[in-house]
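Asks: generate coordinates for the sequence data below:
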Amino acid sequence: MKSTDILIIGGGLSGLMTAYLLEKETAADVCILEARQRLGGRIYTLRREGEASIEMGATWLGRNHTKLMELLKDLEIEVEEQKMGSQAFYEAMSMSPPQLIDLPQNDQPSYRIAGGTDMLIRGLSGRLDKTNIQLGQIVTAIKAVENGLVVETETQNFEAGIVISTLPPRLLIDSVKFSPQMPQELISIAGKTHTWMGESIKVALTFDNPFWKDPGMSGTIFSNVGPVNEMYDHSGEGRYALKGFMNGAYRAVSKEERKRLVLDQLRRFYGNKADSYLTYNELVWAEEPFTFCDYSSQVIPHQNNGHPYFKETYLEDHFLLAGAETATSHPGYMDGAVESARRVAGRVKQLMPD
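Replies: The predicted structure is shown next:
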């Protein structure tokens, strides 16, 4: 059995940020267990040689995301404004052709992380000098022992004085067995907590020519018809792509059918230029077992995000919860993930012996 002072479940933004703060501000040994064979969680930048990088997960931020902006400044990472253009294609109904409409001036633009959102993950993980990071560790159980907890994975056990979960609360309660059991109130709230991005289907196509920049064209699409509801120019570093959100109901059809439907829709805007794509990419987040599990009852966006129960300590102060869904400010977003890390790191410092 391996032992550590602090064990963090999840190597996404909140997990890495928590470790980063604890390394800077304490002398504790920290270990991160990540179920995937990569870090980042819901930050996932798809990179292929010679093509534009594609964000299959978290992408945008705003100037009001002050905690994330402070972190990016600390890591010396720049942001760039999302290109919207002065016009957009709009599909009001299936019986009418798409219209090219003028976009109003946006006083609160969205931004992307320069070079790709995974620059944030690289920046944090690259500054973790002492933290032990283990990939492919799927946590199955957490048991109370004297002066701490034992965390069981599919391959080995870890003992820690403090354990921090950064998993979405619904996934935590569904996939991890606790001994003793968590309070029923927490179980109930967590089971009805919305997992941000869980219903999202992200689709993207790369191109060698940005034809949507031509006169009378646009890379911004808004559609009431679908299957893609929104699409944006996702170009960068001299390479070109379009990325959008597909209606989550299309989870029920095959990847090939989704691809066919997306191309049919793009032809309505771009004609046969849509067929000049290099690659079609998609990620159905509801099929990501280390992010999402189906709800037992209907849940609305942001339901129970930031609930007070997520800020309590459990198992005699040995277990804490972090993660984007636990944040009170911008829950579900990258800024919320950073907020939660700050909160839980501060609480851990209070709990640690002098």
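Asks: right, and Asn209 touches Tyr240 too?
Replies: Yes: Asn209 is within contact range of Tyr240, at 6.8 Å (criterion: CB atoms under 8 Å). Heads up, the C-betas are built off the backbone N, CA and C, glycines and all.
Asks: Lys73 belongs to a helix?
Replies: Yes: counting by DSSP: H, G, I helix; E, B strand; the rest coil, Lys73 is found in a helix.
Asks: show me the shaky parts of this structure.
Replies: Of all residues in the chain, those with pLDDT under 70 make up the ranges 354.
Asks: so which residue is smack in the middle of it?
Replies: Centroid check for the chain by CA atoms, centre = their mean gives Arg42 as the closest residue, at 2.7 Å.
Asks: give me the three-state assignment for that residue.
Replies: At Arg42 the chain is in coil, as set by three-state DSSP.
Asks: same question, Val203
Replies: strand.
Asks: looking at Asn209 and Tyr240, which is more packed in?
Replies: Neighbour comparison, Asn209 and Tyr240: the larger count goes to Tyr240, with 22 against 11 (by other CB atoms under 10 Å).
Asks: so in terms of bridging, what pairs with that one?
Replies: Phe207 (DSSP bridges).
Asks: flag every buried residue along the longest helix anywhere in the chain.
Replies: Longest helix in the chain, counting residues (DSSP state H): helix 334-351. Within helix 334-351, the residues that count as buried by 16 or more other CB atoms under 10 Å are 334-345, 347-348.
Asks: enumerate every residue touching Gly40.
Replies: By CB atoms under 8 Å, 6 or more residues apart in numbering, the residues touching Gly40 are 11-13, 57, 118, 121.
Asks: considering the residues you listed, which possesses the most neighbours?
Replies: Top of the contacts of Gly40 by neighbour number is Leu13, holding 32 neighbours under the definition other CB under 10 Å.
Asks: gap between that one and Thr131?
Replies: As judged by CB to CB, to the nearest Å, Leu13 and Thr131 stand 15 Å apart.
Asks: can you check Gly50 too?
Replies: Going from Gly50 to Thr131 by CB to CB gives 34 Å.
Asks: do the same with Glu312
Replies: Distance of Glu312 to Thr131, given as CB to CB: 25 Å.
Asks: next one: Leu100
Replies: 51 Å.
Asks: compare those two (neighbour count), which wins?
Replies: Legend: neighbour count by other CB under 10 Å for Leu100 and Thr131, higher for Thr131 (24 against 12).
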